[in-house]
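A.B. asks: this one's structure only:
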């Protein structure tokens, strides 16, 4: 503000002003928030506070001088404390309170009071002269408020650090051990050896996934006997009540837009168009007893496996697009069906009732 005359300099505290390279001056740019008179507005950008947000003066110079406050933040210009706290401290010290004029909603009366205050400033009858008599008191008060803010900030930072998830670095041996224990490399396919498995392992979904969203989707295929969701581990386990519902669920995942009926690794499912996850068929699995540290490890392994499976999806699609298009549809022989389709077909044939021809003699 070197190019602004000293008589026109605004009252701005060091915290609001900061390191400024350019100040924009707008004469009669806005109405004062206190006296409602038009005043010269100054705008600048304090890079120490924000790289995008700009500061500006919101009250006129007269109202700021009467109150001895900053035109931008409206805190005490010297001590940086709220005006209510400062005035209460002065009153407790037995000093004369500065008179700001009566509180009123009448615009004309506000402007008349502002003119009287401006005349008082010009005559040297500055009510804020009382502030210098209580300098020691206000200095101690400002220091006390600053220490309280610092303690509050440090406590907040400690709470955030305590609640923030700690980072655990896993080596290759630990990752392999977890992958062997949990079915990250499982599949949705079924054959004669695992055709009685009704459980599924879900992993990689966002921690914000509501449990009811997954539960409602599973119930569309049949009754669910057990559902355990560990958001911190980004893993879940579901157990269907009937084998038929479990098989139909796996078949629906394999036949969606992201997978194929012959997929040999965990299938991809997208719930509500915003919750992606991988699914594999598995036996009994108890996730409710997993400790906190293991939950963090499972989350990291799930993230790593998602990346590996995404690369497999790309290779599979590239391989599929490289094959020539076959326009003639060929019926799939029974021996070429996927294991899951074969099992479902056998069960349907077993449940069909035989038809009998009955001759009725009239």
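C.D. replies: Cool, got the structure. Because the structure is predicted, anything quoted here is derived from the model rather than measured. Numbers count the residues shown, from 1 in each chain.

A.B. asks: rest of the way, CA atoms for contacts and neighbours
C.D. replies: Fine.

A.B. asks: give the other helices and strands that the biggest helix by length in the chain contacts.
C.D. replies: When the chain is scanned for its longest helix (criterion: DSSP state H), the result is helix 292-322. Applying 3 or more C-alpha pairs under 8 Å, 6 or more residues apart in numbering; DSSP states H and E, one finds that helix 292-322 contacts helix 172-181, strand 235-240.

A.B. asks: how far away from the center of its chain is whichever helix or strand comes after the last one?
C.D. replies: Scanning the chain past strand 235-240 towards its C-terminal end, the next helix or strand to appear is helix 243-254 (assignment: DSSP states H and E). Between the centre of helix 243-254 and the centre of its host chain there is 34 Å, according to C-alpha atoms, centre = their mean, to the nearest Å.

A.B. asks: return the set of buried residues in helix 243-254.
C.D. replies: The neighbour-count check on helix 243-254 (16 or more other C-alpha atoms under 10 Å) flags 243, 244, 245, 246, 247, 248, 249, 250, 251, 253, 254 as buried.

A.B. asks: by mean pLDDT, flag the weakest helix or strand of this structure.
C.D. replies: The helix or strand of the chain with the poorest confidence is helix 130-133; it has a mean of 60 (mean pLDDT, DSSP states H and E).

A.B. asks: any idea which of the helices and strands packed on helix 292-322 is most buried?
C.D. replies: strand 235-240 (a mean of 24; mean count of other C-alpha atoms under 10 Å).

A.B. asks: quick one: strands adjacent to that strand?
C.D. replies: As defined by DSSP bridges, the strand partners of strand 235-240 come to strand 199-203 (antiparallel), strand 224-230 (antiparallel).

A.B. asks: could you check the angle the longest helix of the chain makes with strand 235-240?
C.D. replies: With axes from the mean of the first three to the mean of the last three C-alpha atoms, to 10 degrees defining the directions, helix 292-322 sits at 80 degrees from strand 235-240.

A.B. asks: give me the mean pLDDT for helix 292-322.
C.D. replies: Averaged across helix 292-322, the pLDDT comes to 90.

A.B. asks: go through it and flag the buried ones.
C.D. replies: Neighbour counts over helix 292-322 (16+ other C-alpha under 10 Å) mark 295, 296, 297, 298, 299, 300, 301, 302, 305, 306, 309, 313 as buried.

A.B. asks: returning to what we had before: ok, of the helices and strands packed on helix 292-322, where does mean pLDDT dip lowest?
C.D. replies: Among these, helix 172-181 scores lowest, at a mean of 88.

A.B. asks: what helices and strands are in contact with that helix?
C.D. replies: helix 292-322.

A.B. asks: gap between the helix it packs on and the chain center?
C.D. replies: Distance of helix 292-322 from its chain centroid, counting by C-alpha atoms, centre = their mean, is 24 Å.

A.B. asks: over to stretch 53-70?
C.D. replies: 36 Å.

A.B. asks: so which bits of that stretch are buried?
C.D. replies: 55-70.

A.B. asks: ok, the residue nearest the centre of the chain - contacts?
C.D. replies: Most central in the chain under C-alpha atoms, centre = their mean is residue 208, positioned 9.3 Å from the mean C-alpha point. By C-alpha atoms under 8 Å, 6 or more residues apart in numbering, the residues touching residue 208 are residue 231.

A.B. asks: where in the stretch 1-150 of the chain is pLDDT low?
C.D. replies: For the stretch 1-150 of the chain, the stretches with pLDDT under 70 are 1-8, 20-21, 48-52, 96-103, 124-134.

A.B. asks: show me where it has helices.
C.D. replies: 14-17, 61-67, 83-92, 107-122, 130-133, 135-163 (DSSP state H, counting those that start in this stretch).

A.B. asks: so which of the ones you listed is the most surrounded?
C.D. replies: The highest average neighbour count among those, using mean count of other C-alpha under 10 Å, belongs to helix 61-67 at a mean of 21.

A.B. asks: check which helices and strands that helix sits against.
C.D. replies: On a contact count with 3+ C-alpha pairs under 8 Å, 6+ apart, helix 61-67 meets helix 107-122.

A.B. asks: which elements pack onto the helix it packs on?
C.D. replies: So helix 107-122, by 3+ C-alpha pairs under 8 Å, 6+ apart, packs with helix 61-67.

A.B. asks: now the closest residue to residue 31 other than its chain neighbours: how far from residue 29?
C.D. replies: Closest residue to residue 31 apart from its sequence neighbours, by C-alpha to C-alpha, 6 or more residues apart in numbering: residue 38 at 4.3 Å. Note on residue 38: its distance to residue 29, by C-alpha to C-alpha, to the nearest Å, is 7 Å.

A.B. asks: please consider this matter closed, and thank you.
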